[in-house]
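J.: got a predicted structure plus its sequence, pasted below:
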Number of protein chains: 2
Amino acid sequence: MQRVIIVGGGFGGLYAAKSLRKAPIDLTVVDRRNFHLFQPLLYQVATGGLSPGEIASPLRVVLKRQKNTRVWLGEVVDIDAANRRVILADGQLDYDILVLATGATHHYFGNPQWAALAPGLKTVEDATEIRSRILAAFEQAERETDPQKRRAWLTFVIVGGGPTGVELAGALGEIANDTLRHDFRSINPAEAQILLLEGSDRLLQAFPPDLSRAAEKELIGLCVRPRTHAQVTGIDPEGVTMRTAAGQERIPTRTVLWAAGVQASPLGKILEERAGAPLDRAGRVIVGPDLTVPGHPEIFVIGDLANVSHQTGKPLPGVAPVAMAEGRYVARSIQARLQSRSLPPFHYFNKGNLATIGRNEAVADFGKVRLSGFLAWLVWLFVHLMYLVEFDNRLLVLTEWVYNYITRNRGARLITGQRA
Amino acid sequence: MQRVIIVGGGFGGLYAAKSLRKAPIDLTVVDRRNFHLFQPLLYQVATGGLSPGEIASPLRVVLKRQKNTRVWLGEVVDIDAANRRVILADGQLDYDILVLATGATHHYFGNPQWAALAPGLKTVEDATEIRSRILAAFEQAERETDPQKRRAWLTFVIVGGGPTGVELAGALGEIANDTLRHDFRSINPAEAQILLLEGSDRLLQAFPPDLSRAAEKELIGLCVRPRTHAQVTGIDPEGVTMRTAAGQERIPTRTVLWAAGVQASPLGKILEERAGAPLDRAGRVIVGPDLTVPGHPEIFVIGDLANVSHQTGKPLPGVAPVAMAEGRYVARSIQARLQSRSLPPFHYFNKGNLATIGRNEAVADFGKVRLSGFLAWLVWLFVHLMYLVEFDNRLLVLTEWVYNYITRNRGARLITGQRA
């Protein structure tokens, strides 16, 4: 039987695995974490709306009924492409077909020292770290008597005006103006300043300009100040410096969140060395129309690690629907090969783009149809619940959501991480 | 206005604060964590049944409607009893009345090096650490080919046969025999050995002997092996050594959990130095019948930090109902003093003792009425839900519970803690 190894249990890898459930193959899913993370809702964990357990499903649970599949907890440190072998930190696995779907990580544009000062939002640990920082900042402000220092504690800067930055900023606006309203005695949380810095000329570059404007308006309604043409040039424990049209500017702040650059997983680089894979500037593997590495039809690369640009000349965006579609295509391709058939090139049908802003606003782009406000938010909610239907915890998340929506609750507001 | 400071937002401190909601005082609740933890359900987090956010409520949320109360996040490092001042790691607060309710921590009987090898279960971080260790042990066993090493990964030792040890062992039995049944390919989780070591002659010393026997039987039904008269003499990364009636014995194991000794919070020691408070061997403050420190009517000590023994000559047990009753008494006592009245001595009315074992068994001791099995479990469930009614997340926990019960789900099975 063909040995297929999928590395990475995110949207790309997991959907490939699920779509292979009936294939007569010997399938191994390797991940260094034991769970699939529903990343589009990670900002809800970072802002105390959901608990990590509610947006993560153990891979073994998701794949338990697939008799042809085993889950292997381990970290891939090298790929021996010549001998078709994956090298783990503690072992190795042989493959006939390899699917790499290890995603991307933060990228600080050559300033790795910013990582500790401005955490990004990719993992469960990132989310609980951000949650702790946001809550601790309000706690510090409550106790601070110096007005200037207090102001710095109540200033939150989010770097990057893409969907993650917009969602984080919206949720923060909600927290300051609504959730925490009656919680403090010395401060009024609504005094918080929330700045969303974007280097280009508008938020949500992937959306049409009118939706960028709508998103901006919705954010301002939540007391978020979006700043475009703002290039961050420095981050330190006391503040952020940036270059704007008007020159250098400094913002005193104690909380900076990073939602700007991403870089492909280091496995791209390894594939370049071991299999001669071409990489783009973000470290993504430039794959062919069949999503394989040139010269290596047995190695597929999908999701955020892949640069798939045969369709329009521009790489497809690093979002869950793209990764899922690629995963499904790879599964079909592997099954076709078993029957000595081949598939037409991968084609992504873009069903639309969504970003949510706070409690009940969003923007939605379906090509000709563009929505903003409450209607877009309902669409966003519906789509995300539909995705979650694939997982065990759908009912729970729905309940928690409805409950939080009605009660304006953010019960998961824990400052954790200390071994106290 | 009288300045009252309550240190500690556990059951004792929180119930004191809540009962003072209408008192004409200036009340400050100091805690180093920003949430109240519903500790009786912490074993559910440690075994993947509930998420931390579901058994913790932010103190600010619980106390937000109390206009006379402020929450102060900080760690008390000293008490200046002469000047009635609490010294924080970063500041100080003056009081007229002080209520200390900082609880207890693990105690390794003079073997502090065991702490890293055998984590106890007191904090949210403890619970997620234990969860990660249990799940990682099954993952390691799945990948281990040497049968002896595999057996060590599948052996779980719980030290201490009190309620926490019994609850952890029962939940582990359930996980091995039920939850994980179809999750692995190389191992059968039901092969796991779960050993519950108790130094004395029976489990659940606080219960009557017939209920200890019932609990033992229920545990054996979940494939847990209780071992009484088993004194742990050594813990190392590869196993546990113990002294039994038959002599020394060694159990090769990679997972040891600590549910044995507790020691009062270090504030007891500080109170001994600063206010001449008498301590017992566990470091608890021996308080008078009015729950104050001898010679210091302005300092109350309650909960697990207090030794309250005027009633029967034996200290009251360190359980939530005792702490809650003490908290309520202190609140009434403070209000009585405002009216220049005084209260009769504290009297604890024991409503009963409960411990749960797995999915639907428990033991319950109400004096004359003693229950075990499913009926006791229903009582346990009812009592715990009633407690939770005080908190915001009662509906959610109930939903999660019913859902988990029906689906036998333990969805929060995440191995977290790495900054990956």
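T.: Perfect, I can see it now. Numbering: from 1, shown residues only, chains lettered A, B, ... in the order given.
J.: and the helix or strand hosting A:Ala331, C-alpha only, in PDB?
T.: In the assignment (DSSP states H and E), A:Ala331 maps to helix A:320-338. Output of helix A:320-338 as PDB, limited to C-alpha atoms (Å, rounded to 0.1, in the frame of the first residue of the first chain):
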ATOM      1  CA  ALA A 320      -8.600  28.800   5.500                       C
ATOM      2  CA  PRO A 321     -10.900  28.300   2.500                       C
ATOM      3  CA  VAL A 322      -7.900  28.200   0.100                       C
ATOM      4  CA  ALA A 323      -6.100  25.700   2.300                       C
ATOM      5  CA  MET A 324      -9.200  23.500   2.500                       C
ATOM      6  CA  ALA A 325      -9.700  23.500  -1.200                       C
ATOM      7  CA  GLU A 326      -6.100  22.600  -1.800                       C
ATOM      8  CA  GLY A 327      -6.300  19.800   0.700                       C
ATOM      9  CA  ARG A 328      -9.400  18.400  -1.000                       C
ATOM     10  CA  TYR A 329      -7.600  18.700  -4.400                       C
ATOM     11  CA  VAL A 330      -4.600  16.800  -3.200                       C
ATOM     12  CA  ALA A 331      -6.700  14.000  -1.800                       C
ATOM     13  CA  ARG A 332      -8.500  13.700  -5.200                       C
ATOM     14  CA  SER A 333      -5.200  13.800  -7.000                       C
ATOM     15  CA  ILE A 334      -3.700  11.000  -4.900                       C
ATOM     16  CA  GLN A 335      -6.800   8.800  -5.400                       C
ATOM     17  CA  ALA A 336      -6.700   9.500  -9.200                       C
ATOM     18  CA  ARG A 337      -3.100   8.400  -9.300                       C
ATOM     19  CA  LEU A 338      -4.000   5.100  -7.600                       C
END
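J.: how far does that helix sit from its chain's centre?
T.: Relative to its chain's centre, helix A:320-338 lies at 21 Å (CA atoms, centre = their mean, to the nearest Å).
J.: over the following helix or strand past it, what's the mean pLDDT, rounded is fine.
T.: As assigned by DSSP H and E, the chain's next helix or strand after helix A:320-338 is strand A:353-357. In this model, strand A:353-357 has a mean pLDDT of 88.
J.: so what strands line up beside strand A:353-357?
T.: Applying DSSP bridges, strand A:353-357 is found paired with strand A:361-366 (antiparallel).
J.: what's the average pLDDT for the strand it pairs with?
T.: Strand A:361-366 carries an average pLDDT of 90.
J.: grab the nearest non-local neighbour of the residue of the stretch 201-350 of chain A found nearest chain B.
T.: The stretch 201-350 of chain A approaches chain B most closely through A:Ser265 (11.0 Å), counting by CB to the nearest CB. C-beta coordinates here come from the backbone N, C-alpha and C atoms, glycine included. In this structure, A:Ser265 finds its nearest non-sequential neighbour in A:Thr102, 3.9 Å apart by CB to CB, 6 or more residues apart in numbering or on different chains.
J.: next one: A:Leu267
T.: A:Leu267 sits nearest to A:Thr102 (CB to CB, 6+ apart), 4.9 Å away.
J.: next, count neighbours for that neighbour.
T.: Using other CB atoms under 10 Å in any protein chain shown, A:Thr102 has 26 other residues around it.
J.: give the contact list for it.
T.: Neighbouring residues of A:Thr102 by CB atoms under 8 Å, 6 or more residues apart in numbering or on different chains: A:7-8, A:10, A:76, A:265, A:267, A:303, A:305.
J.: now, which of those lie within strands?
T.: Counting by DSSP state E, those place A:7, A:76 in strands.
J.: rebuild the contacts of A:Thr102 as a markdown table, extending it with neighbour count and pLDDT.
T.: Formatted as a markdown table, the contacts of A:Thr102 follow (neighbours: other CB atoms under 10 Å in any protein chain shown; pLDDT from 0 to 100):
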| residue | neighbour count | pLDDT |
| --- | --- | --- |
| A:Val7 | 28 | 98 |
| A:Gly8 | 30 | 97 |
| A:Gly10 | 25 | 95 |
| A:Val76 | 25 | 97 |
| A:Ser265 | 22 | 95 |
| A:Leu267 | 25 | 96 |
| A:Gly303 | 31 | 97 |
| A:Leu305 | 28 | 97 |
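J.: spell out which parts of the stretch 51-200 of chain A neighbour chain B.
T.: A:51-54, A:56-58, A:60-61, A:64-65, A:70, A:72-74, A:91, A:123-125, A:135-136, A:139, A:142-143, A:180, A:182-186 (CB under 8 Å from any CB of the partner chain).
J.: in helices, which of these appear?
T.: By the criterion of DSSP state H, membership of those in helices covers A:60-61, A:124-125, A:135-136, A:139, A:142-143.
J.: lowest-confidence one in these?
T.: A:Val61 (87).
J.: roughly how far apart are that residue and A:Ala136?
T.: 33 Å (CB to CB, to the nearest Å).
J.: now do A:Pro226
T.: Distance from A:Pro226 to A:Ala136, by CB to CB: 25 Å.
J.: which residue packs closest to whichever residue of the stretch 151-300 of chain A sits closest to chain B, ignoring adjacent ones?
T.: Chain B sits closest to A:Asp183 of the stretch 151-300 of chain A, with a gap of 3.9 Å, by CB to the nearest CB. Spatial nearest neighbour of A:Asp183, chain neighbours left out: B:Arg60 (3.9 Å); criterion: CB to CB, 6+ apart.
J.: hang on, isn't the one you found packed against A:Phe184?
T.: Yes. Taking contacts as CB atoms under 8 Å, B:Arg60 lies within contact range of A:Phe184: 7.2 Å.
J.: ok, the two, which is more surrounded?
T.: B:Arg60 (24 against 17).
J.: for the helix holding A:Ala331, packing partners?
T.: In terms of contacts (3 or more CB pairs under 8 Å, 6 or more residues apart in numbering or on different chains; DSSP states H and E), helix A:320-338 is packed against helix A:11-19, strand A:97-100.
J.: with adjacent residues omitted, what lies nearest to A:Pro278?
T.: Nearest to A:Pro278 is A:Ile286, by CB to CB, 6+ apart, at 4.5 Å.
J.: what number of residues lie near that neighbour?
T.: Residues near A:Ile286, counting by other CB under 10 Å: 18.
J.: which ones are touching it?
T.: A:277-280, A:294, A:307, A:309.
J.: which one of those sits in the busiest neighbourhood?
T.: Going by other CB under 10 Å, A:Ala277 tops these with 26 neighbours.
J.: got the phi and psi for the closest residue to that residue other than its chain neighbours?
T.: Using CB to CB, 6+ apart and skipping the chain neighbours, the partner closest in space to A:Ala277 is A:Leu271 (4.1 Å). Main-chain torsions, A:Leu271, degrees, to the nearest 10: phi -70, psi -30.
J.: closest point of the stretch 1-150 of chain A to chain B, which residue?
T.: A:Gly53 (3.2 Å).
J.: low-scoring stretches of chain A, by residue?
T.: A:388-397, A:400-401, A:407-409, A:411, A:418-420 (pLDDT under 70).
J.: what about the helices in it?
T.: A:11-19, A:42-46, A:59-62, A:114-117, A:124-143, A:147-153, A:163-174, A:209-221, A:267-275, A:320-338, A:374-388, A:394-407.
J.: doesn't A:Val224 make contact with A:Glu174?
T.: No. Contact between A:Glu174 and A:Val224 fails when scored by CB under 8 Å: they sit 9.7 Å apart.
J.: cool, thanks, signing off.
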